[in-house]
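Novice: just a sequence and a predicted model for now, questions to come.
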Amino acid sequence: MEIIHVSAECYPVAKAGGLGDVVGALPKYQTNMGHNAKVVMPMYRTKFLYQNEWSVDFKGRSNLGDWWFDFTIIKEKHNKLGFDLYLVDIHGLLDREKIYGYDDDASRFTAFQIAVVNWISKWQHKPDVIHCHDHHTGLIPFMMKHCWDYNYLADIPTVFTIHNGQYQGWMTWDKSVLIPRWDSWKRGMLEWAGNINPLASAVKCAWKVTTVSWSYLDELKYNSNGLEALFEYEKGKCSGILNGIDAEVWDPATDSYIDNHFSIEDVDKGKEANKKLLCDQFNLDSDKPLFIFIGRLVGEKAADVLPDAILSSFYSFGDKVNFLILGSGESHVEWQLSQLKHSFPGRYNAVIGYNEKLSHLMYSGADFLLMPSRVEPCGLNQMYAMQYGTVPVVRDTGGLRDTVVDMGDFQGWGIRFNYATVGDITYSIWRGIDLYHENKEHLSWMRKRMMEIDNSWENAVQQYLNLYSSLR
């Protein structure tokens, strides 16, 4: 099959979160299984763009309301990612360093989608499926069905994957003029709660809708930022497919980012060596259990609760525990986490920002990973941690529920808690401290148990392929 993935992110070209990781891995594994998978994304001005060779694949012209724009599609020459990669350039809209965060994001991503559909409409053949990811591509299924200029594409199956249903790309109705000539009788396919809602439109118009875990699909029916009734109504065409992780990138035996490689046979020794490096670098005591947090410092991840939970742990457990934080996000959370460095030197440290190399060292050297997320559609961090024998300490929600079994259950390898509160997080930290100090033998067993689990992409890829085949 020829599969076209359309996304705002793709690792390592440009990544802000799990969406980038998924789109960087899924098409590679689909290609490895004999299919022709391609990724189309905006041409941000990133290091990857300037460090690789490109050829011009297509030049076109379209309009965003009364503004006409030229666009260029370029292709990476050497198949470095294991699949065909295409970037869409639109001068003045997509030629920026950051992926998101601009006042004109609605116009930027609408123009991107118009360019993609315009380009595909000029092909001499039709792809087998167009796979759209999150709201930044949510208007494509509508445009293929209901824009007069693109009716030729209406019989191409579309699949829409929701990586995070909280962000929906809302636009006021005055922005409707940005969408190419469309059938006004289909206004309801764009609208939700009085606005244009690209995510809702995709759920209505795509042939099939998937979410990135089974539990998250259920959660969307009662917690989807206003779309609960829509997910209940459209449940017949929705399914959950749990993400995998790229086992070639996340393998402690071969990881190019760490110095001390290890496998399931020598996990305790390998983690001890990496922990020593990590603790020496950040002035922490390697004899104490090390809890880490890696991710966005936003309310969705319950990062606002972290400072008080860490304080509560220090007040409750004294110097029996270390913490190391890596992330960026809301400024007041960044400030609070930075201030703790002055209060607890030798027991706590934080790096505000993101560093891929450091994240790999943290997974390989830490004892426990904290994920108190309020919303976690799938979660990849807990699966990365499991690959490296780091115990996931997670809230019982979404993909965290589907991938982590509490150590109190039969053959469990993680720690789960119910609420993103200081009390629940502190109690879970105590469970980890007690495990580390009082039952090292069981901790070693848990590490080996979680490393045995296959979280690779192969199973998920086959589920996607089966879904595509059902539409042909």
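Specialist: Nice, thanks for sending it over. Residues are numbered from 1 along each chain as shown.
Novice: so where do the strands sit in the stretch 151-300 of the chain?
Specialist: 158-162, 191-192, 195-196, 208-211, 238-240, 290-297 (DSSP state E, counting those that start in this stretch).
Novice: which residue, other than its chain neighbours, is closest to S373?
Specialist: Take S373 and drop its neighbours on the chain: the residue closest to it by Cβ to Cβ, 6 or more residues apart in numbering is K301, 5.1 Å away. Heads up, the C-betas are built off the backbone N, CA and C, glycines and all.
Novice: count the residues that sit near the one you found.
Specialist: K301 is flanked by 26 other residues according to other Cβ atoms under 10 Å.
Novice: mind listing what it touches?
Specialist: G295, G329, M371, P372, S373, R374, E376 (Cβ atoms under 8 Å, 6 or more residues apart in numbering).
Novice: adding distance to F58, secondary structure and pLDDT, write the residues you listed out as CSV.
Specialist: Supplementary listing: the contacts of K301 in CSV, determined by distance: Cβ to Cβ, whole Å; DSSP: H, G, I helix; E, B strand; the rest coil; pLDDT from 0 to 100:
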residue, distance to F58, secondary structure, pLDDT
G295, 37, strand, 93
G329, 37, strand, 93
M371, 42, strand, 98
P372, 46, coil, 98
S373, 40, coil, 97
R374, 42, coil, 95
E376, 38, coil, 95
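Novice: among those, find me the one that's closest to F417.
Specialist: P372 (7.8 Å; Cβ to Cβ).
Novice: out of the strands of the stretch 151-300 of the chain, flag the one nearest Y419.
Specialist: Per Cβ to Cβ, nearest to Y419 of the strands of the stretch 151-300 of the chain: strand 290-297, 17.2 Å.
Novice: tell me the strands beside the closest one, with direction?
Specialist: According to DSSP bridges, strand 290-297 forms sheet pairs with strand 322-329 (parallel), strand 368-371 (parallel).
Novice: make a markdown table out of those and add mean neighbour count and distance to L178.
Specialist: A markdown table is the format used below for the strands paired with strand 290-297 (neighbours: other Cβ atoms under 10 Å; distance: least, Cβ to Cβ, whole Å):
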| stretch | mean neighbour count | distance to L178 |
| --- | --- | --- |
| strand 322-329 | 22 | 30 |
| strand 368-371 | 26 | 38 |
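Novice: of all those, which lies closest to H261?
Specialist: Closest to H261 of the strands paired with strand 290-297 is strand 368-371 (Cβ to Cβ; 19.7 Å).
Novice: and whichever helix or strand comes after the closest one, how far from the chain's centre?
Specialist: On the C-terminal side of strand 368-371, the nearest following helix or strand under DSSP states H and E is helix 381-387. Put simply, helix 381-387 sits 13 Å off its chain's centre (Cα atoms, centre = their mean, to the nearest Å).
Novice: helices along the stretch 201-350 of the chain, start to end?
Specialist: Counting by DSSP state H, counting those that start in this stretch, the stretch 201-350 of the chain has helices at residues 214-220, 228-233, 267-281, 306-317, 331-343.
Novice: rewinding a little: of the contacts of K301, which is the most crowded?
Specialist: E376 (31 neighbours).
Novice: touching, it and T397? I think so.
Specialist: Yes: assessed by Cβ atoms under 8 Å, E376 is found in contact with T397 at 5.6 Å.
Novice: run a quick neighbour tally on L380.
Specialist: 23.
Novice: quick check: closest non-adjacent residue to it.
Specialist: G18 (5.0 Å).
Novice: tell me if I'm right that that neighbour and C378 touch.
Specialist: Yes: G18 is within contact range of C378, at 6.6 Å (criterion: Cβ under 8 Å).
Novice: point out where this protein drops to low pLDDT.
Specialist: Nowhere does the chain drop to pLDDT under 70.
Novice: coming back round to it: ok, so of the contacts of K301, who is nearest M386?
Specialist: Closest to M386, out of all of these and judged by Cβ to Cβ, is M371, at 11.7 Å.
Novice: beta partners for the closest one?
Specialist: V394.
Novice: quick one: residues contacting it.
Specialist: Counted by Cβ under 8 Å, 6+ apart, M371 has contacts F293, G295, K301, G379, N381, Q382, P392, V393, V394, R395, L400.
Novice: by neighbours, which of these wins?
Specialist: G379 (31 neighbours).
Novice: now the helices for the stretch 351-472 of the chain?
Specialist: Going by DSSP H, counting those that start in this stretch, the stretch 351-472 of the chain shows helices at 356-365, 381-387, 398-403, 422-438, 440-452, 458-469.
Novice: what's the closest of those helices to S256?
Specialist: The nearest among these, by Cβ to Cβ, is helix 356-365 at 8.5 Å.
Novice: identify all contacting residues around the closest one.
Specialist: Outside helix 356-365, the residues touching it (Cβ under 8 Å, 6+ apart) are 250, 252, 255, 257-258, 260, 262, 270-271, 274-279, 290, 292, 294, 324, 326, 351, 369, 384-385, 387-388, 390.
Novice: mind listing what's buried along that helix?
Specialist: Going by neighbour count (16 or more other Cβ atoms under 10 Å), the buried part of helix 356-365 is L358, S359, H360, L361, M362, Y363, S364, G365.
Novice: nearest to R96 among these?
Specialist: Nearest to R96 among the buried residues of helix 356-365, with distances taken as Cβ to Cβ, is S359, at 24.7 Å.
Novice: okay, now A309: neighbour count?
Specialist: Neighbour tally, A309, other Cβ under 10 Å: 24.
Novice: out of everything not next to it in sequence, what's closest to it?
Specialist: I425 (4.0 Å).
Novice: ok, the one you found to M446 distance?
Specialist: 20 Å (Cβ to Cβ, to the nearest Å).
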